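Visitor: Got a predicted structure here, sequence first:
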Amino acid sequence: MDKNEEYGELSKLDRQLLNIIQKDLPLVSRPFQKIADKIGISEQEVIERLQKLRKENYIRRVGGIFSPQKLGYVSTLLAAEVKTDEFYHTAEKINKYRGVTHNYRRNHRFNLWFTLIAKNKEKLQDQISEIKSFDEIQVLREFPVTKRYKLQVDLDMNKNEG
């Protein structure tokens, strides 16, 4: 165990691994082997380090980001006014929908914001109607996309390294 890991800080190797999976995740049958070859460790160590980083909440998931619209899906942003004492329970219920990609708590009357993706408009509206009927939701507002913006965020994990 290196000095940084003992204090809960990211090791140089973990920072390198995080940089790679953000921008250069190989599209091959064994991406973790390819990453392992690149940074000089075993495939198993790559997998174990990613599992540890996930367990410690440095990362939520490793996977692709696809454009729902290019794949024929529809999406919308929704804002809900949720009873404060039911907030987390309601967020969990909403997160059970496969098409929920983001879910945020806001300090606002509309305190729960989330995006919902579905195969078509009919399925999307069916799910919105179900969610709207939750007892904990006082108001649900839909904000359909009028113009799409996609920001690329790459966190350089070595930027502050001395």
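Guide: Done, it's in. Model, not experiment: these values are computed from the prediction. Numbers count the residues shown, from 1 in each chain.
Visitor: any idea how the protein splits into domains?
Guide: Using automatic domain parsing, the domain parsing of the chain gives 3-55, 74-144.
Visitor: so which of the ones you listed comes closest to residue 158?
Guide: domain 3-55 (5.5 Å; C-beta to C-beta). All C-beta atoms are positioned from the backbone trio N, CA, C, and that covers glycine.
Visitor: how far does the closest one sit from the chain's center?
Guide: 18 Å (C-alpha atoms, centre = their mean, to the nearest Å).
Visitor: State the mean pLDDT of that domain.
Guide: Domain 3-55 shows a mean pLDDT of 87.
Visitor: Please apply the same query to stretch 79-96.
Guide: Computed over stretch 79-96, the average pLDDT equals 95.
Visitor: I'd like the distance between residue 19 and residue 157.
Guide: 5 Å (C-beta to C-beta, to the nearest Å).
Visitor: go on, residue 33?
Guide: 22 Å.
Visitor: if we compare the domains of the chain, which one ends up closest to residue 63?
Guide: Short answer: domain 3-55, nearest of those by C-beta to C-beta, at 8.7 Å.
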